[in-house]
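Chemist: Generate coordinates for the sequence data below:
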Amino acid sequence: MAKFIVRRLLWLAVVLLVVSAITFVLLRAVPGGPFQTERGVPEPVLRALEEKFNLNAPLIDQYLKYLSDILVPTITGPEYRRTLTTDFLINIDLPFLGEEAAFRWMNFGPSLRVRSRTVNMIFTENLPISIQLGSAALVVAIAIGVPLGIVAALRRNTWVDYSSMGVAIIGVSVPIIVMAPILQYIFGAVWKVLPASGWGRPEHIILPAFTLGFAQSALMARLTRASLLQVLNEDYIRTARAKGLSERVVVLLHALKNSLIPVVTVIGPLFAILVTGTFVTETIFAVPGMGRYFVTSVGNRDFTVVMGTILLYAAFLVLANLVVDIVYAWLDPRIRYT
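Modeler: As a prediction, this is how the structure comes out:
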């Protein structure tokens, strides 16, 4: 298992390198730039900005400079001052080398449109909020979708099955942009039991997390139902029943564990999507997360923010799939990694 994890982490580095190269080239291939506006920018000012942010250099030099800023760590002393071009994501004090010595790593550069912020500032301030919201939404999706799928499979072709799948169809059919205002109106305006928007208190997370999670619970429900129905028809399930085991033991200890493998497969990528792709929900509920920065940075051609967010999403996706593979071995003892 340890060798498998090390190999996957090494592949993570390769995946991030390939993703960064493709994204970097595609961003530069699209017409326009981060400093162009509808009113236009004087040519001398445009050239000065491009020179300041190294955008007038050959493409390969820009890419290598970008990679070196992220990958090459540095040890700083008392002379270090945090600026827009020297802002590091990882900062570890090294008191044994001096009073103000520190190990610094991963400089994703400044935002090219929001001149007062760096990409690392956006990460440290907004990413934790998106992680909280995405994690809560994933819990809601699992808490609603998996039980619905189990009940529907055990009561196949009954009114319970049809009702459970009806709820799942509602989750798939009603888009977030419709469901969110309805929940705001009911719980925030009519009943006044939950805040309709904002962030900062525990109750602020309930409505956006339910909005995101309920939409994804439909996928969980249908997948759980289909997988459990397939497992219930296996020979070892019939053998367990023939031994006289109770239906609860057969379902919980023998069938459910194996039927969750396809569900776990979906949970990995779903977590990465919920953490970085919640722009609509964050906008409607005024949640200061990462989603709005990612979407607006694409329209603004903010190269550094787009690059940083895509690399972040790719890292989340690969790490989530690694966790899923590890869980496979726990769910199915027949799976072994070497």
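Chemist: what separates residue 314 from residue 39, distance-wise?
Modeler: The gap separating residue 314 from residue 39 is 36 Å, by CB to CB, to the nearest Å. For every residue, glycine as well, the C-beta is placed using N, CA and C.
Chemist: same check, this time on residue 140
Modeler: 45 Å.
Chemist: got it, and residue 320?
Modeler: Distance, residue 320 to residue 39, by CB to CB: 43 Å.
Chemist: Those two: which has the busier surroundings?
Modeler: Per other CB atoms under 10 Å, whichever of residue 320 and residue 39 has more neighbours is residue 320, with 18 against 5.
Chemist: so the more buried one touches residue 269, yeah?
Modeler: Yes - with contact defined as CB atoms under 8 Å, residue 320 counts as touching residue 269 (6.6 Å).
Chemist: So which residue is dead centre in the chain?
Modeler: The residue lying closest to the centre of the chain (CA atoms, centre = their mean) is residue 272, at 2.5 Å.
Chemist: thinking that one is in contact with residue 317, fair?
Modeler: Yes - the pair residue 272 and residue 317 qualifies as a contact (CB under 8 Å) at a distance of 4.3 Å.
Chemist: ok, residue 156 - how many residues close by?
Modeler: Around residue 156 there are 12 other residues, counting by other CB under 10 Å.
Chemist: tell me which element the closest residue to it other than its chain neighbours falls in.
Modeler: Nearest residue to residue 156, sequence neighbours excluded (CB to CB, 6 or more residues apart in numbering): residue 229, at 6.6 Å. When elements are assigned from DSSP states H and E, residue 229 belongs to helix 206-232.
Chemist: And for residue 40?
Modeler: Using DSSP H and E, residue 40 maps to neither a helix nor a strand.
Chemist: measure it to residue 147 for me?
Modeler: Computed as CB to CB, the residue 40 to residue 147 distance reads 58 Å.
Chemist: Determine the longest helix present in this protein.
Modeler: In the chain, with assignment by DSSP state H, the single longest helix is helix 119-154.
Chemist: follow-up on the earlier one: hang on, isn't the residue nearest to residue 156 packed against residue 153?
Modeler: Yes - Residue 229 is in contact with residue 153 according to CB under 8 Å; the separation is 5.0 Å.
Chemist: of these two, who's got more company?
Modeler: Set residue 229 next to residue 153 and count neighbours by other CB under 10 Å: residue 153 wins out with 24 against 16.
Chemist: who's in contact with the more buried one?
Modeler: Listed by CB atoms under 8 Å, 6 or more residues apart in numbering, the contact set of residue 153 reads 161, 224, 225, 228, 229, 232.
Chemist: Would you mind confirming that the first one is in contact with residue 152?
Modeler: Yes - taking contacts as CB under 8 Å, residue 161 lies within contact range of residue 152: 4.5 Å.
Chemist: Comparing these two, which shows the higher neighbour count?
Modeler: When neighbours are counted by other CB under 10 Å, residue 152 comes out ahead of the other of residue 161 and residue 152, with 27 against 17.
Chemist: Surely the more buried one and residue 164 touch.
Modeler: Yes - between residue 152 and residue 164 a contact is recorded at 4.0 Å, counting by CB under 8 Å.
Chemist: got any residues that touch both of the two?
Modeler: Contacts common to residue 152 and residue 164, judged by CB under 8 Å, 6+ apart, are 221, 225.
Chemist: what about stretch 308-327, distance to the chain center?
Modeler: With CA atoms, centre = their mean, to the nearest Å as the basis, stretch 308-327 stands 8 Å off its chain's centre.
Chemist: What are the buried residues along that stretch?
Modeler: Buried positions in stretch 308-327, judged by neighbour count with 16 or more other CB atoms under 10 Å: 308-322, 324-325, 327.
Chemist: With stretch 234-254 instead?
Modeler: 237, 240, 250, 251, 254.
Chemist: hey, C-alpha coordinates of that stretch in CSV?
Modeler: The C-alpha atoms that make up stretch 234-254 are tabulated as CSV, following Å, rounded to 0.1, in the frame of the first residue of the first chain:
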residue,chain,number,x,y,z
GLU,A,234,-25.1,-12.3,-6.3
ASP,A,235,-24.6,-16.0,-5.2
TYR,A,236,-23.0,-15.2,-1.9
ILE,A,237,-26.1,-13.2,-0.9
ARG,A,238,-28.3,-16.2,-1.6
THR,A,239,-25.9,-18.3,0.4
ALA,A,240,-26.0,-16.0,3.4
ARG,A,241,-29.8,-16.1,3.3
ALA,A,242,-29.8,-19.9,3.0
LYS,A,243,-27.7,-20.0,6.2
GLY,A,244,-30.6,-18.4,8.0
LEU,A,245,-29.1,-15.0,8.6
SER,A,246,-31.5,-12.2,9.2
GLU,A,247,-32.3,-9.8,6.3
ARG,A,248,-30.7,-6.9,8.3
VAL,A,249,-27.4,-8.8,8.7
VAL,A,250,-27.4,-9.8,5.0
VAL,A,251,-28.0,-6.3,3.8
LEU,A,252,-25.8,-4.4,6.3
LEU,A,253,-22.8,-6.8,6.6
HIS,A,254,-22.7,-8.5,3.2
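Chemist: No more questions from me, cheers.
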